[in-house]
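Engineer: got a structure for you, letters missing:
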Ligand code: NAD
């Protein structure tokens with residue numbers, strides 16, 4: 001049965017003034033309609049921003065621990081619905097049950113974390129030059145935050161923007177991705193039940209060029225936090241900076257794992273396959289390039305192919321790897337597979353859609369491994385956003401670093417090595433916002449900063465942990481000689 005969701009504006013579940021709606025479908029079984037949503041116009045987005053602006057002063061003046069109590073209650077409500085939300089996430093976005101469950105838990109943990117942070121929003125005391133002066137800093141909210149999110153972590157990414165924004169006294173409008181908005185709307189249901197005051201948190205569904213753009217462009221929006229593709233991120237960044245708004249954009253990746261000649265090859269293959277094929281390759285931090293020392297190259301290729309072939313593909317509620325989120329994403333991956341073959345890459349495994357009853361018309365694609373790739377091939381340079389791994393052979397560690405860095409992106413990177421000096425140099429010289437040793441590129445902790453360099457990020461502000469507090473606050477310096 002299809003759910004019917006509305007916008008949440010000024011504390012009310014409201015219909016779009018357009019009277020129009022759109023639907024989402026289950027990527028494992030596209031005839032299954034998951035939900036129907038408001039197709040919001042710019043006017044709907046404007047009304048949401050105006051509600052947020054009207055509620056801002058009172059929320060900013062609410063004692064921070066009282067704001068924290070609402071976040072804590074929201075976390076507790078989400079916790080009580082974890083199973084239901086997990087099922088909904090898998091049905092609409094497609095990821096495997098364990099991944100969906102982990103993502104819902106992450107959203108819960110983020111709300112608990114920022115609930116506690118409301119008692120610890122920072123500020124410093126310094127020695128003043130005057131004998132009777134107290135010199136200190138306090139943090140206040142930026143104002144109204146406009147939040148634009150992608151479909152691939154449809155509850156965790158909204159959570160890691162909403163929770164710090166609210167904790168620090170901002171009001172907000174979220175425009176979630178149109179491909180999978182359900183769990184974000186369930187998050188607003190929880191906020192509503194937890195007693196969030198009218199207008200403090202608002203959500204409008206619809207498409208980027210209309211509703212999303214209107215949120216970013218509205219004069220009353222003071223800060224814009226965007227996660228998504230580089231192309232849209234650039235538009236959002238330009239619009240926000242033209243209007244002198246605070247802005248952060250977190251974008252795509254082409255994340256490498258370097259495999260050293262000192263690595264245990266089986267472990268390296270497990271790490272790379274986990275990064276490449278987890279979430280069907282649809283993570284911004286997914287590993288899409290293995291940069292492998294020639295001495296272990298053949299053995300590594302055999303091991304990673306075996307890992308890929310052992311993955312059970314199928315509907316996410318029962319199997320290890322779910323479908324791609326949409327027909328468009330599937331087509332994009334299949335196009336890249338064709339491009340790689342035309343460029344001269346060698347297909348080691350995968351390369352197409354799996355066959356069998358359980359796949360039906362779902363957007364399934366096989367875990368795919370290419371070798372024989374030159375670093376200037378498009379498959380080695382462009383983000384595919386599907387379960388496609390490119391293995392690149394290198395002669396030595398310096399070449400591995402050079403190849404790993406020779407892309408426009410710099411989000412996450414890892415190395416598998418038994419050599420401490422290699423690990424140390426990798427951490428220092430890799431051009432990435434996240435560097436990992438003997439771990440997969442994907443997977444993040446919630447209490448440390450996250451963000452990329454180069455074309456993976458605007459490099460303005462980080463997200464998560466204390467960095468989340470920084471983005472949503474303005475520091476005021478107080479000279480008090482009272
Ligand atoms: P997308 O850029 O197509 O859409 C992201 C959001 O922007 C959606 O809500 C969309 O409606 C909205 N949007 C589109 N046009 C807009 C406009 N003109 N103005 C305002 N908003 C607009 O991205 P996607 O396909 O949803 O997500 C996949 C991309 O996200 C990948 O490139 C992935 O690497 C990236 N991503 C990055 C991170 C990170 O933290 N770096 C995390 C997850 C995903």
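Structural biologist: Good, I have the coordinates. Because the structure is predicted, anything quoted here is derived from the model rather than measured. Numbers count the residues shown, from 1 in each chain.
Engineer: number of nearby residues for residue 349?
Structural biologist: As a burial measure, residue 349 scores 17 neighbours (other CB atoms under 10 Å). Every residue, glycine included, has its C-beta placed from N, CA and C.
Engineer: which residues pair with it across the strands?
Structural biologist: For residue 349, the beta-bridge assignment (DSSP bridges) gives partners residue 369.
Engineer: the ligand versus that one, what's the distance?
Structural biologist: Taken as CB to the nearest ligand atom, to the nearest Å, the spacing of residue 349 relative to the ligand amounts to 24 Å.
Engineer: go on, residue 291?
Structural biologist: Per CB to the nearest ligand atom, residue 291 is found 20 Å from the ligand.
Engineer: mind checking the SS state of that residue?
Structural biologist: The three-state label for residue 291, taken from DSSP: H, G, I helix; E, B strand; the rest coil, comes out as strand.
Engineer: so who does it touch?
Structural biologist: 256, 257, 258, 259, 392, 394, 400, 403, 404 (CB atoms under 8 Å, 6 or more residues apart in numbering).
Engineer: try it again with 6 Å
Structural biologist: By CB atoms under 6 Å, 6 or more residues apart in numbering, residue 291 lies in contact with 256, 258, 392, 394, 400, 403, 404.
Engineer: now it, which residues is it bridged with?
Structural biologist: residue 258, residue 392.
Engineer: residue 475 now?
Structural biologist: Residues found in beta-bridge contact with residue 475 (criterion: DSSP bridges) are residue 139.
Engineer: please name the nearest non-neighbouring residue to the closest residue to the ligand within the stretch 51-200 of the chain.
Structural biologist: Of the stretch 51-200 of the chain, the residue with the smallest distance to the ligand, taken as CB to the nearest ligand atom, is residue 150 at 3.0 Å. Ranked by CB to CB, 6 or more residues apart in numbering and with sequence neighbours excluded, the top spatial neighbour of residue 150 is residue 228, at 4.4 Å.
Engineer: and the pLDDT at that neighbour?
Structural biologist: According to the predicted model, the pLDDT of residue 228 comes to 98.
Engineer: from what I see, it and residue 152 are in contact.
Structural biologist: No: counting by CB atoms under 6 Å, residue 228 sits too far from residue 152 to count as a contact (9.3 Å).
Engineer: okay, these two: which has more neighbours?
Structural biologist: Between residue 228 and residue 152, counted using other CB under 10 Å, residue 152 has the larger neighbour count: 26 against 22.
Engineer: dump the residue contacts of residue 478.
Structural biologist: Under the contact definition (CB under 6 Å, 6+ apart), the residues listed for residue 478 are residue 136.
Engineer: so which bits of the helix or strand where it lies are buried?
Structural biologist: For residue 478, the element it lies in under DSSP states H and E is strand 473-480. Using 16 or more other CB atoms under 10 Å as the burial criterion, the residues of strand 473-480 that qualify are residue 473.
Engineer: same thing with stretch 302-310?
Structural biologist: Of the residues in stretch 302-310, those buried by neighbour count under the rule 16+ other CB under 10 Å are 303, 304, 305, 307, 308.
Engineer: phi first, then psi, for residue 92.
Structural biologist: For residue 92, the backbone dihedrals are phi -90, psi -40 (criterion: degrees, to the nearest 10).
Engineer: would you agree it is in contact with residue 181?
Structural biologist: No: under the criterion of CB under 6 Å, residue 92 is not in contact with residue 181, lying 8.2 Å apart.
Engineer: which of the two has more neighbours?
Structural biologist: Regarding residue 92 and residue 181, a neighbour count based on other CB under 10 Å identifies residue 181 as having more, with 28 against 25.
Engineer: separation between the more buried one and residue 206?
Structural biologist: If you measure residue 181 against residue 206 using CB to CB, to the nearest Å, the figure is 9 Å.
Engineer: ok, residue 272 next?
Structural biologist: Taken as CB to CB, the span from residue 272 to residue 206 is 38 Å.
Engineer: swap in residue 34?
Structural biologist: 16 Å.
Engineer: and those two? which has more neighbours close in?
Structural biologist: When residue 34 and residue 206 are compared on other CB under 10 Å, the one with more neighbours turns out to be residue 206, at 27 against 20.
Engineer: next up, the contacts around the more buried one.
Structural biologist: Listed by CB under 6 Å, 6+ apart, the contact partners of residue 206 are 39, 40.
Engineer: and the pLDDT at residue 166?
Structural biologist: 99.
Engineer: next: residue 122.
Structural biologist: pLDDT, residue 122: 87.
Engineer: got the contact list for it?
Structural biologist: Going by CB under 6 Å, 6+ apart, residue 122 touches residue 139.
Engineer: can you give me phi and psi for it?
Structural biologist: With angles defined as degrees, to the nearest 10, residue 122 sits at phi 100, psi -170.
Engineer: from residue 412, how far off is it?
Structural biologist: Distance of residue 122 to residue 412, given as CB to CB: 27 Å.
Engineer: relative to the centre of the chain, find the outermost residue for me.
Structural biologist: Most distant from the centre of the chain: residue 131, at 49.3 Å, with distances by CA atoms, centre = their mean.
Engineer: grab the longest strand from the chain for me.
Structural biologist: strand 29-38 (DSSP state E).
Engineer: listing partners with orientation, what would you give for that one?
Structural biologist: For strand 29-38, pairing defined by DSSP bridges yields strand 3-4 (parallel), strand 21-26 (antiparallel).
Engineer: which stretches of the stretch 301-450 of the chain form helices?
Structural biologist: Listed from the start of the chain, the stretch 301-450 of the chain has helices (DSSP state H, counting those that start in this stretch) covering 327-343, 378-381, 397-405, 420-429.
Engineer: need the nearest residue in space to whatever residue of the chain ends up closest to the ligand, chain neighbours excluded.
Structural biologist: Distances between the chain and the ligand by CB to the nearest ligand atom are smallest at residue 208, namely 2.0 Å. Across the structure, with CB to CB, 6+ apart as the measure, the residue nearest residue 208 apart from its sequence neighbours is residue 232 (6.3 Å).
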